[in-house]
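J.: dropping a prediction and its sequence here:
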Amino acid sequence: MSGFNTLINIFICEDSIDGIFTAIYMAWEEGTSHTDISCIFDAKNSNYSFFETYTYVKADYNISNKVIRSIQQKLGDYVYSIIFRVINSNEPSKASVVYHSLQKLFKHGKEYINNIHDKFCSFYIKSSCVCTLWISADCVNTTSKFLMKLRFIGR
């Protein structure tokens, strides 16, 4: 019955790299698994839930840089560049995707970003390979097959 009493804390941030990384830092500070992050796209038309608490986070450049440094030092520039592209996308759930995937990447290592069976990391593969049309051979082996098909169709 204790599962019914568990509130999820949603960190609400502005739709910017500093806003999202500041919210990620604040969520990590809370140190609970019952957290999520959401960007403010339209505050007037947002849906709220009785089973969630909301913490509004003001973007902080210095805190954001701490998160960026941690990503670059522990996961590398390649992973950071993928995360940066996702944050700059128009995907409404991007803050949540970045937050949850960073949790897994810090736990399992930078190679985990290629895990197509993880719902958060597979988002990176889709967004970096298909949505942005910036296809990288490092995404998955199927990407090179996809490129070959594109070249063949184009001729």
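T.: Sure, I can see it.

J.: quick one: end-to-end distance for stretch 71-84.
T.: Distance across stretch 71-84, first residue to last, is 11 Å (CA to CA, to the nearest Å).

J.: all further residue positions should be reported with the first residue as 17.
T.: Done: numbering now begins at 17, and the last item shifts to stretch 87-100.

J.: in this protein, which spans are helices?
T.: For the chain, helices defined by DSSP state H occupy the ranges 33-46, 77-91, 93-103, 110-124, 137-142, 157-170.

J.: dump these into CSV; add mean pLDDT, distance to Ile26 and mean neighbour count as well.
T.: In short, each C-beta sits where N, CA and C put it, glycine included. Shown next, in CSV, are the helices of the chain (pLDDT from 0 to 100; distance: least, CB to CB, whole Å; neighbours: other CB atoms under 10 Å):
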stretch, mean pLDDT, distance to Ile26, mean neighbour count
helix 33-46, 91, 9, 21
helix 77-91, 96, 18, 15
helix 93-103, 90, 18, 18
helix 110-124, 88, 9, 20
helix 137-142, 63, 19, 20
helix 157-170, 46, 34, 11
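
J.: what's the closest of these to Asn131?
T.: helix 137-142 (4.6 Å; CB to CB).

J.: returning to what we had before: distance to Tyr70 added to the helices of the chain, as TSV?
T.: Conversion of the helices of the chain to TSV gives the following (distance: least, CB to CB, whole Å):
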stretch	distance to Tyr70
helix 33-46	11
helix 77-91	19
helix 93-103	21
helix 110-124	13
helix 137-142	23
helix 157-170	38
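
J.: right, so of the ones you listed, which gets closest to Asp52?
T.: Comparing these by CB to CB, helix 110-124 comes nearest, at 5.4 Å.

J.: the closest one to helix 93-103, inter-axis angle?
T.: Angle, helix 110-124 to helix 93-103, by axes from the mean of the first three to the mean of the last three CA atoms, to 10 degrees: 160 degrees.

J.: excluding residues flanking it in the chain, which one is nearest Val95?
T.: Setting aside the residues directly before and after it, Val95 is nearest to Lys126 in space (CB to CB, 6 or more residues apart in numbering), at 5.1 Å.

J.: sounds good, over and out.
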